[in-house]
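[1] I would like the atomic coordinates for the input below:
(chains A and B)
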Amino acid sequence: MLTSCPTTNAQHAPVYTIGKRGSSRDFRSTPDQIRDLGAIIHSSPRGGEVTFHGPGQLVAYPIVHLRDRQLGARAYVESLEDALIDSLREYGIKARGRVPGGTGVWVGDRKIAAVGVRISRGVASHGIALNVCTDLSWFRHIVPCGFRDKGVTSIAAELGQANVGVEEAAAVFTEALGRRLLYGTLESVGEAIPAVVGAI
Amino acid sequence: WESGWKARARLSVSLPSEDSVLGAPVCTRPGTPSSTRLPDLYSQPSSMALRQLASQAASGLGLRCTAPSLALTQSPVGLLQAALFRSYSTVIDGLKYAESHEYAKIEGDVATLGITDFAQSELGDVVYVEVPEVGASLSKGANLGVVESVKAASDIYSPLSGEVIEVNSALVDDPAKINAEPFEGGWLAKIKLSDPSEADSLLDANAYKKHVESQAH
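    This next block holds a predicted model:
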C-alpha cells in the first residue's frame, strides 16, 4: 500500500546552483557580474552541473522513499521526466525526455525543464525545475547543465504568451507526478518486443 | 541498451508462468566449476530441457547478460540465448553484500569495496565518482562516497568498518569503469578491517541474489 510522499513547490529569488559536476567553467559571466544582476551562487549536493532558479520557474522537491517503492534511480528520474511531459501536454506542448546524456525535458533541442536528484539512504531528494514564465535571459550567464550548444525555453515562450502562472503549473505537475509514482511500479505493456515475446 | 532493459522488465510482467525459462532473473558466476554436461535435449519436454540447459550453461559460462535484442529462432540454441540474456545482474560467489547494494571482497583483513552490478545498472551511465581520503576512518554504514550517473547522485555506504588504505583513482578519469566492471576495475576503496566479524552480518551471494530478485522492476 503506497503512502503519499511529501513534495514542496517553490519559486526562488534568482540563484545559480552548482551541482557536484559543476565548476567555474560553466559560467559565462564572473561572480561579480552575477552579483550585480541580483543573483547569488550556491553549491548543491545534487547531481548535474550549473543551472538557474528564479521567478517564473517552478522548482519542485518531491521526497520519495525509493526503497519502499522498490524504485531504482533511473526509474525514478524517468518518472519525473514523464510527469513533466504529462504536465506540458496539458498546455499543448509536445516534449520529450529519455535523452541519453541529457537528463531533463526538451522541446525540440531547447531545454524546458531540468532534473537533478540526490539519493541518500534510499530516499530521493532535490527534484525538478520547470520554466513556466522564467526570464530566459538569466541563462545567458551560464552554460546550462553543461550544454554549450543547446537553448533553453519555457511554457510561456513555447506558447507565445506571457500570462502562464507558476501556481497553476505546480498543481498540474503535482497531480501528474502523483499519478506516475502511484503506478510507477506497474509498467503498461504497450509496445511489444515482437521477437522475444513471440518466441515464447 | 535502455530499450533492452525495458524489454526485460516487460517480459517478466507479461509472462509469469513458472514453467517458462524466465525463472531466475540473476545468473551467477560460481567460484568452483560446476558440471557442464549438457542434458539430452531431445528426450525431455523442451521447456524443461531448456531450463536445465540455461541454468547449467549460465553458471558454466558466467555471463553478464546485457544484450538488448536478439533475432530469435525456434532452435534450442536460439531459445537458450534468449534465456541467458533474460538474466540481468551478476552476483559473484564468495563476496559479501549489503542490502544497499555495496559489496566487500575480503582477503585477510583487507576488504575491497564497491557497488554491485545491480546497483550500476540501476544508476545508469556513471559520470562522476567521489571516494574517501586515504587514511579516513570509516564505520559500518558510514558514507563511503558518491556515485553520480547521468540520472542521479547516489550516496554509497561502507558495508564494513576500517581505515581506508587505498582508493581507486582510475575512476576520476574513467568513472564508467563502475558500469563496465563493478566487481573488478570499478572498485571504490580498500579498507583495513577494524572488526572482521562484522562480515558475518552481511549477505552472502545467495541471500543477496534473493534480495535483488525481490526488487521487482
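[2] what is the mean pLDDT for stretch B:171-180?
    The pLDDT scores in stretch B:171-180 average 94.
[3] what's in contact with that stretch?
    Here stretch B:171-180 makes contact (Cβ atoms under 8 Å, 6 or more residues apart in numbering or on different chains) with B:114-115, B:120-121, B:125-129, B:131, B:147-148, B:168, B:170, B:185-186, B:188. Just so you know, the C-beta spots here come from the backbone N, C-alpha and C atoms, and that holds for glycine as well.
[4] and the nearest residue to B:V131 once chain neighbours are set aside, how many residues sit next to it?
    If the residues on either side of it in the chain are set aside, B:V131 comes closest to B:V167, at 4.3 Å by Cβ to Cβ, 6 or more residues apart in numbering or on different chains. Around B:V167 there are 23 other residues, counting by other Cβ atoms under 10 Å in any protein chain shown.
[5] got it, and A:A176?
    Residues near A:A176, counting by other Cβ under 10 Å: 21.
[6] mind jotting down where the helices sit in chain B?
    Assigned by DSSP state H, the helices in chain B fall at B:2-14, B:46-61, B:76-85, B:117-123, B:170-173, B:177-180, B:205-214.
[7] going by mean pLDDT, which of those helices comes out lowest?
    Across the helices of chain B, the lowest-scoring stretch is helix B:2-14, with a mean of 33.
[8] gap between stretch A:168-183 and the chain center?
    13 Å (Cα atoms, centre = their mean, to the nearest Å).
[9] just to revisit the earlier point, my read is that the residue nearest to B:V131 contacts B:W187, right?
    No - contact criterion Cβ atoms under 8 Å: B:V167 and B:W187 do not qualify, at 9.2 Å.
[10] strands along chain B, start to end?
    B:26-29, B:89-92, B:96-97, B:102-107, B:110-115, B:126-130, B:137-138, B:143-149, B:152-157, B:162-167, B:189-193 (DSSP state E).
[11] so, low pLDDT: which residues of chain A?
    By pLDDT under 70, the low-scoring segments of chain A are A:1-4, A:46-47, A:145-149, A:183-200.
[12] now render the strands of chain B as TSV, adding mean pLDDT and distance to A:C133.
    Below are those laid out as TSV (pLDDT from 0 to 100; distance: least, Cβ to Cβ, whole Å):
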stretch	mean pLDDT	distance to A:C133
strand B:26-29	34	49
strand B:89-92	88	44
strand B:96-97	97	49
strand B:102-107	96	44
strand B:110-115	97	41
strand B:126-130	91	32
strand B:137-138	96	47
strand B:143-149	92	31
strand B:152-157	91	28
strand B:162-167	97	46
strand B:189-193	97	47
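[13] need the strands for chain A, in chain order.
    A:7-10, A:15-18, A:40-43, A:50-53, A:57-62, A:64-65, A:105-107, A:110-120, A:123-131, A:151-152.
[14] nearest to A:F139 among those strands would be which one?
    strand A:151-152 (4.7 Å; Cβ to Cβ).
[15] neighbouring strands for that closest one, and are they parallel or not?
    The strands that strand A:151-152 pairs with in its sheet are strand A:110-120 (parallel) (by DSSP bridges).
[16] how about residue 133, phi and psi?
    Let's take chain A. Here is the backbone geometry of A:C133 (degrees, to the nearest 10): phi -140, psi 40.
[17] give the contact list for it.
    Counting by Cβ under 8 Å, 6+ apart, A:C133 has contacts A:G56, A:S154, A:I155, A:A156, A:A162, A:N163, A:V164, A:G165, A:V166.
[18] you'd agree the fifth one is up against A:S154?
    No - because the distance of 10.2 Å does not satisfy Cβ under 8 Å, A:A162 is recorded as not touching A:S154.
[19] I am finished for the moment; much appreciated.
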